[in-house]
Structure formats: structure tokens, C-alpha cells
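Peer 1: Kindly generate the corresponding structure for this input.
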Amino acid sequence: MDFQPLIEVTRGGLVESRHAGAIAVADAQGRLRASYGDPQHITFLRSTAKPLQVLPLLESGAARAYDLTPREIAVACASHTGSAQHLEAVRSLLAKAGLTEADLGCGAHWPDDVESRVMLLREHAEPIPLYNNCSGKHAGMLALAKFNGWPLADYLDPQHPIQQLILHAVAEMLGLPPESIVLGVDGCSAPNFAAPLVNAAAAFARLADPCGLPSTRAEAIRAAIGAMQLHPELVHGAGRSDTELMRARPGVILAKRGAEGFQGIGLAPGALGAGSPALGIALKVADGDGAGRAIAAVAVEVLRQLGALDPAQLAQLAERGVYAARPLTNWRGLTVGELRPVFALKFEPGFDS
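Peer 2: Model prediction:
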């Protein structure tokens, strides 16, 4: 079976709900190192693919030509909340490339950031595409098109040169032929990619340690991941799980979640102790985790079982609202149950070698 129980939610001593899923842990050579459920399960990466999608922008020389800062590169990898600092970074990226907000093809949705949402409501205003959590990614795609003199209007067409460059970069990082990747349309209208969990995990291991990759690719990866880890607040938002996971171990953990219960994590060499290799983690919550209560808990528990988080770091994450297990409370603040991980990773022989 593809999916196994990951999280239980109890009430009155009984299990009321379960979230099931699958997990793969792989190294940069693509070898499976640990798993739970089916590590070959094929699913869409959704926004977890953003650190891969940004690579052609950096490899092309466009980011250097437009003098993009780490803040602007980070927001090109982001699923942001639409806060003022996120909007400023996207606007700056667009302006440097001679683009405008009208060029964005991502569509609009209400921001997750409370202050931005309240401001729009007070002004009786509707959100614009800039507030879309993927607007930074789209700004990066448009900048690449502008740099190469390619048409802007159809930049989201899967056959557009931008999307073909991105497809091939993503496929290389996944270790798969481009023609084997199932394409879908993401919530922001950009193409998205389905791949086995183990390949997604290997891609995140390569992001965590690009040694051995061609120099241009390795340089692009270091720029993208360095920007994300330098500005984790731009990648997600204050108090959000990706941001707090990267803050827990600066320069060691790379975290990027996606819609429908997908999460990618990269661990730098040495994260598990002297001499430990880079590892990537890909996990899927089968029901999509619409309430957002399972994915962060699973991610923290995976890192705990791997030995990537010590008790002090786990306590720090819990203080910031990112936890593996927590009491379930009602509207009066009464403890009525518990949310708890119930999985144990299966480690492959030689995991520590």
C-alpha cells in the first residue's frame, strides 16, 4: 500500500482522525536511505519545486545582469504570505527587469498575512496578482524571458522556451528523463511536475550539496539555497514552518513545502554528525492536509528520528508553533485530545555509513 498512518488525532482517549502518507529519505546519489510507506509513490511536487524552477534564471546570467539580491532570489523561491516585505521584494525584482505587476500571470488570491488582509478589507480593495504566494516565482520566470528576448504573454505555456528550460533543469535534478515527468497545471497556472518521492528527496539532497554537479549548476544552487537560508522569512513567513525549520539550524536545513500536503527538506553534509552525507527528504500527506495540521508535525518528527534536531531545537520550534506532537484544545482552551506522530522510519542497511 502506498500510504501508511503518519498522524493520529485523539479525543476522549479514542483516535478520532488519521492522516496517512509516505516518506522518502535519499542521498545525492539517488540512493534510498530511509522510508515509510511507498517511497516510489508518484505525486506532484507543487511549490516544493520552486528551488528547482529558479535554477535557469541563475544559470542564464539573468540574475547577475539584473543585479538581483539574495532577498529577490529568495522571494523567487517563495510561497510567501503577501506581507509588506514580500510585496516589496517582488516589486523590486520586477522593476530591475523592466517588468510590471501587469505582466504577472499567476492570478490573485487573498494574502495569508493578517496585516495585508486587514488593509485590503479596510480599503474595500480586492487582492491583485502581487499577493499571490507564487508571484515571486512568476517574477523570476518573466525576468528570464525578458533577458532572453522571449515573448512574455505566453510565458506559462509548457512549450514556451522558459518552461522547457525549467522542465529540463527539474528533470536533471530529479534524475529522470524529461519525457517521463507527468506535467500538471499548478494553482498559479505554471506547469508543475509529478515524480516519485525518492527522486524528489534526491533532488533536495543535491540542493543541500551540489558538489559533483556541473559548475554552472552548482553555482546556481548555492545562490538559490544561500538566499533562502539567509532570508527564510521571505521564503514562507514569520512563524510559518519552512521559515522556522530553517531558523532552527541556519545553513543546515533547507525547507520548502507545497500544496496538497507535500514537503521537501534538504540536510547539509554533517547535519547528522561529522562526516554524514547530505540528505533529502520528500513526504506526502495523502489527504492533502487542507487544515495544515499534519505536514509540519510530520516534518519535525522525521528530522527528530534522523537525529537532525536536538531537544533544545525541538523546544525552540515548539515555542514558535512548529511541533511534532501537541495537545488538542477547544475554543475554551480545554485540552480535549492530542495530535501525535505514529510512524517510524525504516532505515536502509548502512544508513550511517
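
Peer 1: switch to C-alpha atoms for all contacts and neighbour counts from now on
Peer 2: OK.

Peer 1: Ala84 and Arg117: what is the separation?
Peer 2: Remark: distance between Ala84 and Arg117 (Cα to Cα, to the nearest Å) = 11 Å.

Peer 1: Let me know the pLDDT of the residue found closest to Gly239 once you drop the neighbours it is linked to in the chain.
Peer 2: Of all residues not flanking Gly239 in the chain, Arg320 sits nearest, at 6.1 Å (Cα to Cα, 6 or more residues apart in numbering). You'll see Arg320 listed with a pLDDT of 91.

Peer 1: coming back round to it: neighbour count winner among Ala84 and Arg117?
Peer 2: Arg117 (19 against 12; other Cα atoms under 10 Å).

Peer 1: Send me the host helix or strand of the more buried one as CSV with only the CA atoms.
Peer 2: Element membership of Arg117 [criterion: DSSP states H and E] is helix 114-122. The C-alpha coordinates for helix 114-122 follow below in CSV (Å, rounded to 0.1, in the frame of the first residue of the first chain):
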residue,chain,number,x,y,z
VAL,A,114,-3.1,39.3,8.5
GLU,A,115,-2.0,42.9,8.3
SER,A,116,-2.2,42.8,4.5
ARG,A,117,-5.6,41.2,4.6
VAL,A,118,-6.9,43.7,7.1
MET,A,119,-5.6,46.6,5.0
LEU,A,120,-7.3,45.3,1.9
LEU,A,121,-10.6,44.9,3.8
ARG,A,122,-10.4,48.4,5.3
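
Peer 1: Report the buried residues of it.
Peer 2: 116-117 (16 or more other Cα atoms under 10 Å).

Peer 1: what's the helix or strand just after it packed up against?
Peer 2: Downstream of helix 114-122, the next assigned helix or strand under DSSP H and E is helix 135-148. The elements that helix 135-148 packs onto, with contact taken as 3 or more Cα pairs under 8 Å, 6 or more residues apart in numbering; DSSP states H and E, are helix 55-59, helix 62-65, helix 70-76, helix 84-96, helix 161-174.

Peer 1: which one of these is the most hemmed in?
Peer 2: helix 70-76 (a mean of 28; mean count of other Cα atoms under 10 Å).

Peer 1: so how far is it from its chain's centroid?
Peer 2: 14 Å (Cα atoms, centre = their mean, to the nearest Å).

Peer 1: now do stretch 201-217
Peer 2: So, by Cα atoms, centre = their mean, the centroid of stretch 201-217 is 16 Å from its chain's centroid.

Peer 1: Show me the contact partners of stretch 204-221.
Peer 2: 26-28, 55, 58-59, 173, 222, 225, 254, 264-269, 278-281 (Cα atoms under 8 Å, 6 or more residues apart in numbering).

Peer 1: swap in stretch 31-46?
Peer 2: So stretch 31-46 is contacted by 1-4, 21-27, 184, 186, 192-198, 200, 202, 258-260, 262-263, 343-349, 351 (Cα under 8 Å, 6+ apart).

Peer 1: Check stretch 308-324 too.
Peer 2: Contacts of stretch 308-324 with the rest of the structure, by Cα under 8 Å, 6+ apart, involve 239-241, 244-245, 248-249, 271-272, 296-301, 303-304, 340-341.

Peer 1: Filter those down to the buried ones.
Peer 2: By 16+ other Cα under 10 Å, the contacts of stretch 308-324 give 240-241, 244-245, 248-249, 271-272, 296-301, 303-304, 340-341 as buried.

Peer 1: show me what contacts Ser116?
Peer 2: 82-84.

Peer 1: likewise Arg91?
Peer 2: Residues near Arg91 by Cα under 8 Å, 6+ apart: 100-101.

Peer 1: Distance of it relative to Glu115?
Peer 2: 18 Å.

Peer 1: Check Ala291 too.
Peer 2: Counting by Cα to Cα, the gap from Ala291 to Glu115 is 21 Å.

Peer 1: Equivalent analysis for Gly136, please.
Peer 2: From Gly136 to Glu115 the distance is 19 Å (Cα to Cα).

Peer 1: export stretch 337-353 as PDB, just CAs?
Peer 2: Output of stretch 337-353 as PDB, limited to C-alpha atoms (Å, rounded to 0.1, in the frame of the first residue of the first chain):
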ATOM      1  CA  GLY A 337      -7.100  15.300  23.000                       C
ATOM      2  CA  GLU A 338      -3.700  15.100  21.200                       C
ATOM      3  CA  LEU A 339      -2.100  15.300  17.800                       C
ATOM      4  CA  ARG A 340       0.700  12.900  17.600                       C
ATOM      5  CA  PRO A 341       3.000  11.200  15.100                       C
ATOM      6  CA  VAL A 342       2.600   7.400  14.900                       C
ATOM      7  CA  PHE A 343       5.200   6.400  12.300                       C
ATOM      8  CA  ALA A 344       8.700   5.000  12.500                       C
ATOM      9  CA  LEU A 345      11.200   5.400   9.600                       C
ATOM     10  CA  LYS A 346      12.600   2.200   8.100                       C
ATOM     11  CA  PHE A 347      16.400   2.700   7.800                       C
ATOM     12  CA  GLU A 348      18.200   1.100   4.900                       C
ATOM     13  CA  PRO A 349      21.300  -1.000   5.700                       C
ATOM     14  CA  GLY A 350      24.400   1.100   6.000                       C
ATOM     15  CA  PHE A 351      22.400   4.300   6.800                       C
ATOM     16  CA  ASP A 352      25.100   5.700   9.000                       C
ATOM     17  CA  SER A 353      27.900   4.900   6.500                       C
END
